[in-house]
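Peer 1: Predicted model, plus sequence, below.
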Number of protein chains: 2
Amino acid sequence: MALARKPADPLHAFAAHDHGNCSRDALARAEAITTAAGARLTPVRRRALEILLEDHRALGAYDVLNRLAGEGFGNQPPVAYRALEFLVAHGLAHRIQRLNAFTACTHIGNAHSPAFLICRSCSTVAEAAAGAIRTALDAAADEQGFVVEMSTIEALGLCPACRSAAA
Amino acid sequence: MALARKPADPLHAFAAHDHGNCSRDALARAEAITTAAGARLTPVRRRALEILLEDHRALGAYDVLNRLAGEGFGNQPPVAYRALEFLVAHGLAHRIQRLNAFTACTHIGNAHSPAFLICRSCSTVAEAAAGAIRTALDAAADEQGFVVEMSTIEALGLCPACRSAAA
DNA sequence: TCTATGTATGTTATATTATAACAGGTCAAC
DNA sequence: GTTGACCTGTTATAATATAACATACATAGA
């Protein structure tokens, strides 16, 4: 069975990789996770995820909506927003605040609240482990008696490829 | 001269403080900074800043616009967006991405790119030193060969007062 | 099998946030 | 006193997001 691969591990968006496997993997995990949660990865939801998985970029809700509408799904904003909301709620996608956009999760199944690295040149979005960052944030917050419940950590900059290209 | 005070130092939004001084200070510094930069703190801009300084919350552009319009300034969106853009460009205010809103800077003059602590109960927004956080973020990014140019770090949680109130 | 229930989808309508493009006014430098 | 830069204001529209309701579908219990 081609799908039963060892999860590609610290594979990140900027690294060269077999993207076909990357997205098939993600989809298989998504099925598993939603089933385990007693939720349903219905056709719109699944298709929305597939669209996000096409590349490591963030798409606006209306971009996703247009794609869905073109394929016979409803063409009103709630169709896209609801599908995306579902994906985010189940950890299958993330919302990028700076971009008002959504990106497929590249670490489905690992509970996490990652930092995002957004290339200003090619728009690729990668996830970075936020553990140490979150620790530092908690410490800074604690100095003011503040308790962090959720955090948004997003960086804008240049990915390795665009950096070499610029040089 | 009442205005020539020693800058209140690690004064933060959650701490009890003389808010009158707090905002007078900010305004005085804002004048100094814009003058030094060869920019002009015109009446709309100054008033927009005063409105943001009224408390340590974030206001949407349209909230600011309504206030300005009520005081005889223009009442079309660009009036507010332009004033806010100016304030942000000169480090007199910050944009909070999670809230699509703006808050007066509480550390005017210290070049900084702070982390924001947003209380989900009272909506107060405080700034926290982001040095260590930024270091951790840079390190995480570096593992993927990514170079961070700007970062957005925003935390949602409970401020000390709301935490005690909840207990 | 039938039906009650919860859940999902689709629609209409509207709210909220944001920007483009242009006209007129102010002000300081020359 | 005119030029040029910048600021304000306007009209118009774009982009993002949600409320509210109607219909359909899946499935568990009778």
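Peer 2: Sure thing, it's come through. Residues are numbered from 1 along each chain as shown, chains lettered A, B, ... in the order given.
Peer 1: remind me which residues of chain A are low pLDDT?
Peer 2: Chain A contains residues with pLDDT under 70 at A:1-11.
Peer 1: Helices of chain A, start to end?
Peer 2: A:19-36, A:43-53, A:61-70, A:77-89, A:131-142, A:160-166 (DSSP state H).
Peer 1: hey, which of the ones you listed is tucked in deepest?
Peer 2: Among the helices of chain A, helix A:43-53 has the highest mean neighbour count (mean count of other Cβ atoms under 10 Å in any protein chain shown), at a mean of 21. Glycine gets a C-beta too; all of them are placed from N, C-alpha and C.
Peer 1: Any residue of that helix touching DNA strand D?
Peer 2: No. Against DNA strand D, helix A:43-53 shows no contacts by Cβ under 7 Å from any atom of the strand, the least distance being 9.6 Å.
Peer 1: Send me that helix as PDB with only the CA atoms.
Peer 2: Taking Å, rounded to 0.1, in the frame of the first residue of the first chain, the C-alpha atoms of helix A:43-53 are listed here in PDB:
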ATOM      1  CA  PRO A  43     -16.600  16.200  -0.200                       C
ATOM      2  CA  VAL A  44     -16.500  20.000   0.100                       C
ATOM      3  CA  ARG A  45     -14.200  19.800   3.100                       C
ATOM      4  CA  ARG A  46     -12.000  17.200   1.500                       C
ATOM      5  CA  ARG A  47     -11.800  19.200  -1.700                       C
ATOM      6  CA  ALA A  48     -11.000  22.400   0.100                       C
ATOM      7  CA  LEU A  49      -8.100  20.600   1.800                       C
ATOM      8  CA  GLU A  50      -6.900  19.200  -1.500                       C
ATOM      9  CA  ILE A  51      -6.900  22.700  -2.900                       C
ATOM     10  CA  LEU A  52      -4.900  24.000   0.000                       C
ATOM     11  CA  LEU A  53      -2.500  21.100  -0.400                       C
END
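Peer 1: name the helices or strands packed onto it?
Peer 2: The helices and strands touching helix A:43-53, judged by 3 or more Cβ pairs under 8 Å, 6 or more residues apart in numbering or on different chains; DSSP states H and E, are helix A:19-36, helix A:61-70, helix A:77-89, strand A:101-104.
Peer 1: on contacts alone, who are the packing partners of the last one?
Peer 2: When you say that, I think you mean strand A:101-104. For strand A:101-104, the elements it packs on are helix A:43-53, helix A:61-70, helix A:77-89, strand A:93-96, judged by 3+ Cβ pairs under 8 Å, 6+ apart.
Peer 1: how about the helices and strands packed on helix A:43-53 in JSON lines, adding distance to residue A:158?
Peer 2: Output for the helices and strands packed on helix A:43-53, formatted as JSON lines (distance: least, Cβ to Cβ, whole Å):
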{"stretch": "helix A:19-36", "distance to residue A:158": "21"}
{"stretch": "helix A:61-70", "distance to residue A:158": "24"}
{"stretch": "helix A:77-89", "distance to residue A:158": "27"}
{"stretch": "strand A:101-104", "distance to residue A:158": "18"}
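Peer 1: Can I get these in JSON lines including distance to DNA strand C?
Peer 2: Formatted as JSON lines, the helices and strands packed on helix A:43-53 follow (distance: least, Cβ to the nearest atom of the strand, whole Å):
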{"stretch": "helix A:19-36", "distance to DNA strand C": "9"}
{"stretch": "helix A:61-70", "distance to DNA strand C": "7"}
{"stretch": "helix A:77-89", "distance to DNA strand C": "4"}
{"stretch": "strand A:101-104", "distance to DNA strand C": "13"}
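Peer 1: neighbouring contacts of the longest strand along chain A?
Peer 2: In chain A, taking DSSP state E as the definition, the longest strand is strand A:147-158. Contact with strand A:147-158 is made by A:96-98, A:113-121, A:130, A:133-134, A:137-138, A:141, A:166, B:97-98, B:117, B:120, B:137, B:141, B:146-158, B:163, as judged by Cβ atoms under 8 Å, 6 or more residues apart in numbering or on different chains.
Peer 1: Mind checking which of these are buried?
Peer 2: If you count burial by 16 or more other Cβ atoms under 10 Å in any protein chain shown, the buried members of the contacts of strand A:147-158 come out as A:96-98, A:114-119, A:130, A:133-134, A:137-138, A:141, B:97-98, B:117, B:137, B:141, B:146-148, B:151-158.
Peer 1: what does chain A have sitting close to chain B?
Peer 2: Selection of chain A residues close to chain B by Cβ under 8 Å from any Cβ of the partner chain yields A:12, A:14-15, A:97-98, A:115, A:117, A:119-120, A:126, A:128-130, A:132-133, A:135-137, A:139-141, A:143-160, A:163.
Peer 1: coming back round to it: for DNA strand D, find the nearest of the helices and strands packed on helix A:43-53.
Peer 2: DNA strand D lies closest, by Cβ to the nearest atom of the strand, to one member of those: helix A:77-89, at 3.6 Å.
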